[in-house]
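Asker: Below are the sequence and a predicted model; questions follow.
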Amino acid sequence: QVQLVESGGGLVQAGGSLRLSCAASGRSFSRYSMGWFRQAPGKERKFVAGIRWSGATTSYADSVKGRFTISRDNAENTVTVYLQMNSLSPEDTAVYYCAARNSILLPTATYYDYWGQGTQVTVSS
């Protein structure tokens, strides 16, 4: 059974930090590209950050470059992907989703095969 389970969301003040985690199991996710997306109320789901299966290649949306860092741990049965978020602002408020793609890293949600249920991040001003 494929599972992507996000955790680490919550309420934080502007300027603060959060670390999101995504535990992926049920497939050989060690060979998958992994991405973080976010969706604010009434808006489309947008790419935040992505990482290639080896961890050697990462990609970020312009809005989070220099503030967010994606990383991954390819353990034998569960791949865990992290998103370290620093210098948060109210504009970062959204539901954050983890996604997996069995191919090259791309910043488009429709190309991803598996999704988590999302975790809410709320940044207060």
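Answerer: Okay, I see it.
Asker: rest of the way, CA atoms for contacts and neighbours
Answerer: Will do.
Asker: Skipping adjacent residues, who's closest to the spatially most central residue of the chain in space?
Answerer: When CA atoms, centre = their mean is applied to the chain, the residue found nearest the centroid is Trp36 (2.3 Å). In this structure, Trp36 finds its nearest non-sequential neighbour in Cys98, 4.7 Å apart by CA to CA, 6 or more residues apart in numbering.
Asker: OK, contacts around the one you found?
Answerer: Neighbouring residues of Cys98 by CA atoms under 8 Å, 6 or more residues apart in numbering: 4-6, 22, 34-37, 115-116, 118.
Asker: For the residue nearest to the centre of the chain, give the beta-bridge partners.
Answerer: Beta-bridge partners recorded for Trp36 (DSSP bridges): Ala49, Cys98.
Asker: Going forward, the N-terminal residue is numbered 19.
Answerer: Got it, first residue is 19 now, which makes that one Trp54.
Asker: Distance of it relative to Gly60?
Answerer: Here Trp54 is placed at a distance of 19 Å from Gly60 (CA to CA, to the nearest Å).
Asker: And the strands in this structure?
Answerer: 21-25, 28-31, 36-43, 51-57, 64-69, 76-78, 86-92, 96-103, 112-119, 132-133, 137-142 (DSSP state E).
Asker: residues in contact with the last one?
Answerer: I take that to be strand 137-142. Counting by CA under 8 Å, 6+ apart, 24-32, 106-115 sit against strand 137-142.
Asker: Narrow those residues to just the buried residues.
Answerer: Neighbour counting by 16 or more other CA atoms under 10 Å classes 24-25, 27, 30, 32, 106-107, 110-115 among these as buried.
Asker: Mind picking the two most distant members of those?
Answerer: Spatially, the most separated pair among these is Glu24 and Ala32, at 21.8 Å (CA to CA).
Asker: could you list every residue that touches Ile88?
Answerer: 67-69, 76, 99-102.
Asker: how far away is it from Thr98?
Answerer: For Ile88, the distance to Thr98 - CA to CA - is 11 Å.
Asker: before we move on, what about Ala74?
Answerer: Separation of Ala74 from Thr98 (CA to CA): 15 Å.
Asker: more neighbours, these two?
Answerer: Thr98 (21 against 8; other CA atoms under 10 Å).
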